[in-house]
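Asks: here is the input, now give the coordinates:
(one chain, ligands or ions: 1)
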Amino acid sequence: MSKVTVTTLQAHKAAGEKFAVLAAYDATFAGLIEAAGVEVILVGDSLGMVLQGHDSTLPVTIDDMVYHTGSISRGCHSPLIISDLPFGAYSTLEQTLTNSAALMRAGANMVKLEGGGWLLESVTALTERGIPVCAHLGLTPQSVNAFGGFKVQGRDTDQAAAILADAKRVEAAGASLLVLECIPSALAAEITAALTIPVIGIGAGAVTDAQVLVLYDMLGLSDHKPKFVRNFLAKNDSVQSALKAYNDAVKDGSFPSAEHTFS
Ligand code: KIV
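Replies: The predicted model follows:
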């Protein structure tokens with residue numbers, strides 16, 4: 001497979017072909033994920049929970065993200081690599097540019113930041129400086145304290161309208177991709193249809209252009225099992241076949257199914 005770029009993903013959306021994304025953190029898994037045909041690896045700040053054992057992503061530092069971005073980039077060639085800017089690493093424009101540059105130097109092809117309106121200036125500034133941006137709306141885990149827990153977002157009309165408006169604004173500001181986390185599938189469908197950039201869902205139903213899961217969740221290794229997760233290792237006899245099954249199920253639309261979806 002040749003290197004996946006933003007253009008590749010835009011072409012998938014235009015053709016109505018779904019693509020797969022996994023959140024992972026090390027070189028060995030990066031190689032296995034690449035071999036399974038997954039197009040995008042997200043170096044997610046979820047590593048704070050699944051690798052470091054914290055109860056949220058808030059303790060993760062930019063140094064942690066640089067370290068794991070380097071590990072992923074040394075382990076694979078073709079997947080597009082997105083790296084999370086962790087909590088507190090993009091509070092000011094200067095911080096955002098400095099920390100994003102550090103992630104890009106470590107091997108990221110794109111940075112991801114959580115939030116809507118307050119980030120528009122940052123999204124534009126990054127894009128203008130050659131740093132592609134993935135926005136993240138809905139349940140944004142870095143705001144867990146503001147949300148009062150890991151709760152589905154966008155269930156009432158006002159919240160849904162605000163998420164849709166933010167999605168349009170981050171696209172207009174220059175974002176190349178959007179992650180929608182834990183929102184009702186009807187809202188995700190409306191946003192996916194309204195945007196020209198590819199939309200990646202997690203707990204957002206089957207209608208988005210792509211799906212992402214945390215690697216340790218989809219291998220059934222985490223001690224909690226959110227509603228939107230399927231354990232792909234349960235019916236496969238190796239990690240390699242589980243990764244392949246995930247890639248296939250995302251592409252043929254059989255994952256997620258109704259049991260993984262919020263209505
Ligand atoms: O940190 C992460 O892994 C993420 C995904 C769950 C979308 O942001």
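Asks: CA only for contacts and neighbour counts going forward, please
Replies: Fine.
Asks: any idea how far Arg40 lies from the ligand?
Replies: Not Arg; residue 40 is Val. 12 Å (C-alpha to the nearest ligand atom, to the nearest Å).
Asks: I figured that residue hits Ser83, correct?
Replies: No. Using C-alpha atoms under 8 Å, Val40 makes no contact with Ser83, being 10.7 Å away.
Asks: how about the spatially most central residue of the chain, secondary structure?
Replies: By C-alpha atoms, centre = their mean, the chain has its centre lying nearest to Val179, at 5.2 Å. Counting by DSSP: H, G, I helix; E, B strand; the rest coil, the backbone at Val179 sits in strand.
Asks: hey, what's it bridged with?
Replies: On the basis of DSSP bridges, Val179 takes part in beta bridges with His136, Ile200.
Asks: can you name the residues bridging to the closest residue to the ligand within the stretch 101-250 of the chain?
Replies: Closest approach of the stretch 101-250 of the chain to the ligand (C-alpha to the nearest ligand atom) occurs at Val214, with a separation of 5.5 Å. Bridge pairing for Val214 (DSSP bridges) gives the partners Ala23.
Asks: what does the model give it for pLDDT?
Replies: pLDDT, Val214: 98.
Asks: these two touch, right, it and Tyr25?
Replies: No. Taking contacts as C-alpha under 8 Å, Val214 lies outside contact range of Tyr25: 9.9 Å.
Asks: neighbour count winner among Val40 and Ser83?
Replies: Between Val40 and Ser83, counting by other C-alpha atoms under 10 Å, Ser83 is the more crowded of the two (30 against 24).
Asks: helix, strand or coil for that one?
Replies: Note that with three-state DSSP, the state of Ser83 is strand.
Asks: please name the bridge partners of it.
Replies: Val43, Val111.
Asks: check contacts around it.
Replies: Listed by C-alpha atoms under 8 Å, 6 or more residues apart in numbering, the contact partners of Ser83 are Leu42, Val43, Gly44, Met65, Thr69, Leu103, Ala108, Asn109, Met110, Val111, Lys112.
Asks: so who does Val239 touch?
Replies: Residues counted as contacts of Val239 (C-alpha under 8 Å, 6+ apart) are Leu219, Leu233.
Asks: again, 10 Å this time
Replies: Phe29, Leu32, Ile33, Leu219, Phe232, Leu233, Ala245 (C-alpha atoms under 10 Å, 6 or more residues apart in numbering).
Asks: interface residues of the protein facing the ligand?
Replies: Proximity of the chain to the ligand (C-alpha under 6 Å from any ligand atom) is limited to residues Ala23, Gly44, Asp45, Ser46, Val214.
Asks: among the residues you listed, who's most crowded?
Replies: Counting neighbours by other C-alpha under 10 Å, Asp45 leads the residues of the chain next to the ligand with 30 neighbours.
Asks: wait, that residue sits on Tyr67?
Replies: No. Counting by C-alpha atoms under 10 Å, Asp45 sits too far from Tyr67 to count as a contact (11.8 Å).
Asks: wait, isn't His136 in contact with Glu181?
Replies: Yes. Shown here, His136 and Glu181 form a contact pair, counting by C-alpha under 10 Å, at 7.5 Å.
Asks: who has more neighbours, those two?
Replies: His136 (26 against 23).
Asks: OK, contacts around the more buried one?
Replies: Counted by C-alpha under 10 Å, 6+ apart, His136 has contacts 84, 112-116, 166-167, 170, 175, 177-181, 199-201.
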